[in-house]
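> Mind looking at a prediction? Sequence and model below.
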Amino acid sequence: MSSAQRKDDHVRLAIEQHHAHSGRNQFDDVTFVHHALAGIDRPDVSLGTTFAGIEWQVPIYINAMTGGSEKTGIINRDLAIAAREAGVPIASGSMNAYLKDPSCAGTFRVLRDENPDGFVMANINATTTVDNAQRAIDLIEANALQIHINTAQETPMPEGDRSFASWVSQIEKIAAAVDVPVIVKEVGNGLSRQTVLLLGELGVQAADVSGRGGTDFARIENGRRELADYAFLHGWGQSTAACLLDAQDVPLPLLASGGVRHPLDVVRALALGARAVGSSAGFLRTLLDDGVDALVVKLTTWLDQLAALQTMLGARTPADLTRCDLLLHGELRDFCADRGIDTRRLAQRSSSLKPLHQTTGSTR
Ligand code: FNR
């Protein structure tokens, strides 16, 4: 099967999956302790965030998806227009298609042509050579480079890689050589604490945990197999919320994606320590079902509602959300117990950092 056909399959199957499976996920196991007098004034709220020397005006981004075929070039054009109109950073899909066949360059380059001043990320796999990593960056004048790691996708993929041992050293080489910040990302199965710690040692600048709860590539690739005989891999990995909890206090800045359904999930992920939060299939579905204008409306609505939630929660910046008291429930709480994560500290952290009531000396 051609690479272009595979890219078209991914879009079709991801959207079918989103229609069929976008219900409950482990973000629902994260709730905020409601402090009814914590609110602040909306003009005092900023959506700006920083990580790895990067400054974004907004804490959300359109995460990696596509490119490499005629149809996906049109999708990239429309995603780029929406990113530009809403002022939201955007990532390319894997550019290995371009590195193998430069005739599809335009399907990626359109991300920069339509969005000349935006923050655009290139995306490659972990077997890419240093020279090719730089070629991908150069094609779209990328501001950062994403390297995806996806063993649970490759394994059931009929034409997938079966050799993963070189990934660690290749990531290290690329991170040392390229001239933009490097973000290593999963594709929907999550990064463990151990993996995030290792990525820090390899010299990358940030990690996108991209956990379970949204697009499931094991399911997508199994659906592309004649016998669909890897169904037992559906749902592999850790949820996005679990990954963020697992890597609390790891020095490497974390981004979050995977199953982010609405602004409350964004706020949950930010409160769990993510510097910014990405979504893929949900934005793609809006684009394909309702068009580019609808995606612009969705992105701007999310930004407006994020500011509203920060106002209610008393968070002047997205980083301030990490002081909000969080309660964890269900399987997420079991995960924390087994991984040695202190859930009581999360539930009581506002009191140590920001007194909710000051004693003024006056009594009634
Ligand atoms: C993806 N994703 C992805 N990731 C990546 O690093 N390189 C890629 O080429 C692709 N391709 C791709 C195609 C399509 C159609 C989708 C929906 C997704 C994975 C994506 O960036 C993200 O990690 C996961 O999709 C989880 O996020 P959502 O979809 O649950 O919001």
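The structure has been received and is ready for your questions. Numbering: from 1, shown residues only.

> where does this protein have low pLDDT?
352-364 (pLDDT under 70).

> Next up, the contacts around Ala105.
Tyr98, Leu139 (Cβ atoms under 8 Å, 6 or more residues apart in numbering). Just so you know, the C-beta spots here come from the backbone N, C-alpha and C atoms, and that holds for glycine as well.

> start at 761 instead
All right, first residue 761 from here; so that's Ala865.

> any idea how far it lies from Trp927?
Remark: distance between Ala865 and Trp927 (Cβ to Cβ, to the nearest Å) = 26 Å.

> before we move on, what about Thr867?
In terms of Cβ to Cβ, Thr867 sits 26 Å off from Trp927.

> now do Gln894
18 Å.

> can you tell me which residues contact the most centrally placed residue in the chain?
By Cα atoms, centre = their mean, the chain has its centre lying nearest to Ser1017, at 2.7 Å. Contacts for Ser1017 were tallied using Cβ under 8 Å, 6+ apart; they are Asn823, Lys945, Asp968, Val969, Ser970, Gly971, Gly974, Thr1000, Val1037, Gly1038, Ser1039, Ser1040.

> hmm, back to that, who's more crowded, Thr867 and Trp927?
Thr867 (27 against 19; other Cβ atoms under 10 Å).

> got a list of what the more buried one touches?
Contacts of Thr867 (Cβ under 8 Å, 6+ apart): Gly827, Gly828, Ser829, Glu830, Thr832, Gly833, Asn836, Tyr858.

> On the three-state scheme, the residue in the chain that the ligand sits nearest to is what?
Closest approach between the chain and the ligand, counting by Cβ to the nearest ligand atom: Gly974, at 2.0 Å. Under DSSP: H, G, I helix; E, B strand; the rest coil, Gly974 falls in the coil class.

> Would you mind listing what in the stretch 911-1060 of the chain touches the ligand?
Residues of the stretch 911-1060 of the chain found near the ligand (Cβ under 6 Å from any ligand atom) are 945, 947-948, 970, 974-975, 1017-1020, 1039-1042, 1044.

> can you give me the helices for the stretch 761-910 of the chain?
Per DSSP state H, counting those that start in this stretch, the stretch 761-910 of the chain carries helices over the ranges 763-781, 830-846, 856-860, 866-873, 890-899.

> CSV for those helices, including distance to Leu1088?
Listed next are the helices of the stretch 761-910 of the chain as CSV, based on distance: least, Cβ to Cβ, whole Å:
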stretch, distance to Leu1088
helix 763-781, 23
helix 830-846, 32
helix 856-860, 38
helix 866-873, 37
helix 890-899, 38
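
> would you list those in a markdown table and tack on distance to the ligand?
Shown next, in a markdown table, are the helices of the stretch 761-910 of the chain (distance: least, Cβ to the nearest ligand atom, whole Å):
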| stretch | distance to the ligand |
| --- | --- |
| helix 763-781 | 4 |
| helix 830-846 | 9 |
| helix 856-860 | 8 |
| helix 866-873 | 11 |
| helix 890-899 | 12 |
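
> looking at those, which is closest to Thr810?
Judged by Cβ to Cβ, the one of the helices of the stretch 761-910 of the chain that comes nearest to Thr810 is helix 830-846, at 19.3 Å.

> Now do the residue nearest to Ile820 when sequence neighbours are not counted: how many residues are near it, please.
Closest residue to Ile820 apart from its sequence neighbours, by Cβ to Cβ, 6 or more residues apart in numbering: Val1037 at 5.5 Å. Look at Val1037: counted by other Cβ under 10 Å, it has 29 neighbours.

> Quick check, Val1037 in contact with Gly1019.
No: look at Val1037 against Gly1019 with Cβ atoms under 8 Å: they stay out of range, at 10.7 Å.

> any shared contact partners between those two?
Counting by Cβ under 8 Å, 6+ apart, the shared contacts of Val1037 and Gly1019 are Asp1025.

> For the lengthiest helix in the chain, name the packing helices and strands.
When the chain is parsed with DSSP state H, its longest helix is helix 1052-1073. If you count contacts as 3 or more Cβ pairs under 8 Å, 6 or more residues apart in numbering; DSSP states H and E, helix 1052-1073 packs onto strand 820-822, helix 830-846, helix 1023-1031, helix 1041-1050.

> Report the secondary structure state of the closest residue to the residue of the chain closest to the ligand other than its chain neighbours.
Counting by Cβ to Cβ, 6+ apart, Gly974 lies nearest to Gly1019, which is 3.4 Å off, once chain neighbours are set aside. For Gly1019, the assignment made with three-state DSSP gives coil.
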